[in-house]
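S.K.: just a sequence and a predicted model for now, questions to come.
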Amino acid sequence: MKTLLVIKSSLFNGSGQSSKLAEQFAAEWQKRNAGGRVLVRDLAADPVPHLSAEAFQGFGLPAGERSPGQQAAAVISDSLIAELRQADAVAIGLPMYNFTVPSTFKAWMDHVARVGVTFEYTESGPRGLLEPKPVYVFAARGGQYEGTEADTQTGLVRNFLRFIGLPDVQFVYAEGLGMGEEAAQRALAEAGQRIERLAA
């Protein structure tokens, strides 16, 4: 049975446009993967705590040597990594807040990046340790940023995913959502058409 992991990072839970796009993709994916399972990680409903120095240091310790706080952080990190490992594909709903990713998504990244677990350093540089799988990022933005210097989000997310072993990343942009109803509807319709093609 195939599994799709859906990660929502909008402050508005399921009502955010990026979440709706990710949900649309999940619905199309299920149509084409009969019996497939959709696993949802909603970072607004169940936020990942920001990484602390104590938690970071605890990641490198054996379980029996961790403090209670370090062990709690490791449990969260382990569960997030386990979700990635069991997924056959990943869909990320990603709004742009102040030219970057939501802070909850950055916290997710910080708990997923674990040396010796999801990546390692070699003589030729870092190597991701996750099994490759397709990742689809549904980027919802109020303005027009794709392909410009102001798009500081795409490179960050693509580089991070490649770092942990997930180089197959496709972005679907819905931009101009804050530039009037007509522009927003056009952008969402175009994103919807792209989703149908991706899920086919």
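M.R.: The structure has been received and is ready for your questions.

S.K.: okay, which residue is most central for this protein?
M.R.: I92 (4.2 Å; C-alpha atoms, centre = their mean).

S.K.: for it, which three-state class applies?
M.R.: Put simply, I92 is strand when judged by DSSP: H, G, I helix; E, B strand; the rest coil.

S.K.: so in terms of bridging, what pairs with it?
M.R.: Legend: beta-bridge partners of I92 under DSSP bridges are I7, V137.

S.K.: does it touch P134 like I think?
M.R.: No: if you go by C-beta atoms under 8 Å, I92 and P134 don't touch, sitting 11.4 Å apart. C-beta here means a position set from N, CA and C on the backbone, and glycine is covered the same way.

S.K.: tally up the residues packed near V75, please.
M.R.: Neighbour count of V75, defined by other C-beta atoms under 10 Å: 11.

S.K.: run the chain-centre distance for the helix or strand that contains it.
M.R.: Using DSSP states H and E, the element containing V75 is helix 68-86. Offset of helix 68-86 from its chain centre (C-alpha atoms, centre = their mean, to the nearest Å): 16 Å.

S.K.: by contact count, what packs against it?
M.R.: Here helix 68-86 touches strand 3-8, strand 37-42, helix 53-59, helix 103-112, going by 3 or more C-beta pairs under 8 Å, 6 or more residues apart in numbering; DSSP states H and E.

S.K.: who are the packing partners of the second one?
M.R.: Taking 3+ C-beta pairs under 8 Å, 6+ apart as the contact definition, the neighbouring helices and strands of strand 37-42 are strand 3-8, helix 17-32, helix 68-86.

S.K.: and the angle from that strand to helix 68-86?
M.R.: Inter-element angle recorded for strand 37-42 and helix 68-86: 140 degrees (by axes from the mean of the first three to the mean of the last three C-alpha atoms, to 10 degrees).

S.K.: please apply the same query to the first one.
M.R.: Here strand 3-8 points in a direction 130 degrees away from that of helix 68-86 (the same axes, to 10 degrees).
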